[in-house]
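[1] pasting the sequence and the predicted coordinates here, then a few questions.
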Amino acid sequence: MKAVRALVVLVVVCLFAPSCGEPPSSPVAPAAPAVAMPGLQAHGDRRERPAGLLRCEDLPYATKTRTIGPDGGRIRVGPHVLTIPEGALDAPTRITMTAPTGRGVNEVKFEPEGLQFDRPASLTMSYANCSSRGRNVPKGIAYTDDDLDIRNHLPSSDNRQSRKVTAKLDHFSRYVVAYADYVIAW
């Protein structure tokens with residue numbers, strides 16, 4: 001009976017302790033080197049998110065293509081917005097922004113993949129449809145691979161009131177709302 005009680009206490013402590021699965025609660029943590037997180041793991045018919053990504057209700061699939069030139073412009077897909085400033089592109093460029101669905105995270109991907117900007121673009125992503133668990137922990141935007149393994153956390157600004165995060169991008173890839181490694185104030 002003592003062993004069962006000890007096991008129950010251990011499980012309860014692990015569920016509520018930051019070191020057992022919750023991200024740190026410090027509002028500002030030092031920048032850390034990019035670390036790949038475990039990929040998606042099959043679990044019956046469901047797919048589990050890698051550690052560090054917010055659990056979200058799926059948004060409808062959305063995609064938009066626009067040509068943006070040296071004068072800059074914006075693309076909105078669902079609640080997410082990409083803003084490209086004047087001077088970021090040398091020539092008109094056909095850009096596609098897609099918000100995939102079905103993986104339980106808020107993610108966007110861009111084409112042409114790898115496009116580099118002369119001046120950073122700004123990506124704002126909503127997490128209004130995400131779990132409120134860890135609501136006091138800063139959120140950010142992470143650069144991921146196709147399996148949602150985190151490659152790098154971007155310095156991000158978390159507006160908890162609007163439940164949106166913003167980060168500067170210097171290239172196109174796949175981005176996801178995640179628990180922040182660190183946050184900045186712009």
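    Sure, I can see it.
[2] what segments of this protein are helices?
    Shown for the chain, the helices assigned by DSSP state H span residues 2-16.
[3] where are the low-confidence patches of the protein?
    Residues of the chain meeting the criterion pLDDT under 70: 1-51, 134, 181-186.
[4] output the longest strand belonging to the protein.
    Scanning the chain for the strand with the most residues, using DSSP state E, yields strand 116-126.
[5] what are the buried residues along that strand?
    Burial within strand 116-126, assessed by neighbour count using 16 or more other Cβ atoms under 10 Å, is assigned to 117, 121-126. Placement of C-beta: from N, CA and C, glycine included.
[6] which among those gets closest to residue 149?
    When the buried residues of strand 116-126 are compared for distance to residue 149, the smallest value, 18.2 Å, is given by residue 125; criterion: Cβ to Cβ.
[7] doesn't residue 80 make contact with the closest one?
    Yes: with contact defined as Cβ atoms under 8 Å, residue 125 and residue 80 form a contacting pair (4.8 Å).
[8] any common contacting residues for those two?
    Common neighbours of residue 125 and residue 80 (criterion: Cβ atoms under 8 Å, 6 or more residues apart in numbering): 106, 108.
[9] what helices or strands is the longest strand of the chain leaning on?
    Using 3 or more Cβ pairs under 8 Å, 6 or more residues apart in numbering; DSSP states H and E as the contact definition, the elements that strand 116-126 packs against are strand 80-84, strand 164-171, strand 174-179.
[10] among the ones you listed, which is nearest residue 109?
    Each of those was scored for nearness to residue 109 using Cβ to Cβ, and the closest is strand 174-179 (4.3 Å).
[11] against which helices or strands is the closest one packed?
    With contacts defined as 3+ Cβ pairs under 8 Å, 6+ apart, the packing partners of strand 174-179 are strand 107-111, strand 116-126, strand 139-144, strand 150-154, strand 164-171.
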